[in-house]
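Enquirer: sequence-free structure coming up:
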């Protein structure tokens with residue numbers, strides 16, 4: 001049993017190392033790393049869409065046309081993503097900007113807060129950040145990359161701690 005736990009700890013440690021590596025990559029090269037991730041997502045969507053189109057041949061009636069249409073739409077979207085990754089990142093930046101504005105407006109309208117002025121201040125800052133993200137996509141992409149990189153570093157370090165705890169538990173059993 002302890003050998004199984006040690007193997008699990010090593011697998012967890014390997015996953016943590018990959019997360020920490022990706023986190024550092026996102027912090028050092030946020031734009032380039034996000035562009036690479038968009039390209040991989042586009043390639044994955046292309047493969048999945050072609051699979052859906054091939055799978056449509058096994059279906060009958062309306063389902064065949066539905067799966068084939070979804071597959072064709074996915075292929076078109078995948079090609080757009082792969083051929084224009086900058087446009088895809090700009091769309092993501094604009095979507096994050098709109099989301100940030102909506103969160104800020106939600107905070108400003110919070111009525112149950114004790115210190116309402118803090119919520120209004122945070123809401124105003126979020127709305128300003130959202131507007132900045134919408135009009136300055138490069139800054140938004142870099143901010144998203146840095147935020148994701150720091151999040152992955154924290155997640156990777158917590159997985160390292162979990163792997164060490166499992167390793168010690170296996171050693172003591």
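Expert: Received the coordinates, thanks. Keep in mind the model is a prediction, meaning the values are calculated, not measured.
Enquirer: Please count neighbours and contacts with C-alpha atoms only from this point.
Expert: Will do.
Enquirer: Which pLDDT value goes with the spatially most central residue of the chain?
Expert: The chain has residue 148 as the residue nearest its centroid, 7.6 Å off, counting by CA atoms, centre = their mean. At residue 148, the model reports a pLDDT of 89.
Enquirer: List phi and psi for it.
Expert: phi -60, psi -40 (degrees, to the nearest 10).
Enquirer: Surely it and residue 24 touch.
Expert: No: counting by CA atoms under 8 Å, residue 148 stays clear of residue 24, with 9.9 Å between them.
Enquirer: Now for the residue nearest to the centre of the chain: which residues touch it?
Expert: Counting by CA atoms under 8 Å, 6 or more residues apart in numbering, residue 148 touches 23, 26.
Enquirer: and it, how far is that from residue 89?
Expert: Relative to residue 89, residue 148 is positioned 14 Å away (CA to CA, to the nearest Å).
Enquirer: ditto for residue 98
Expert: Applying CA to CA to residue 98 and residue 89 gives a distance of 14 Å.
Enquirer: go on, residue 7?
Expert: Distance, residue 7 to residue 89, using CA to CA: 39 Å.
Enquirer: more neighbours, these two?
Expert: Between residue 7 and residue 89, counted using other CA atoms under 10 Å, the more crowded position is residue 89 (20 against 15).
Enquirer: The more buried one reaches residue 141, doesn't it?
Expert: Yes: Residue 89 lies in contact with residue 141 (CA under 8 Å); the separation is 7.0 Å.
Enquirer: list the residues that contact both of these two?
Expert: Both residue 89 and residue 141 are contacted by residue 34, under the criterion CA under 8 Å, 6+ apart.
Enquirer: mind showing which ranges of the chain have poor pLDDT?
Expert: By pLDDT under 70, the weakly predicted segments of the chain are 1, 112-113.
Enquirer: And the helices in it?
Expert: Assigned by DSSP state H, the helices in the chain fall at 2-28, 30-56, 62-83, 85-108, 116-135, 137-172.
Enquirer: List the buried residues in the fourth one.
Expert: When you say that, I think you mean helix 85-108. For helix 85-108, burial by neighbour count (16 or more other CA atoms under 10 Å) applies to 85-86, 88-90, 92-94, 96-98, 100-105, 107-108.
Enquirer: Between helix 137-172 and it, find me the angle.
Expert: Calculated by axes from the mean of the first three to the mean of the last three CA atoms, to 10 degrees, helix 85-108 forms an angle of 80 degrees with helix 137-172.
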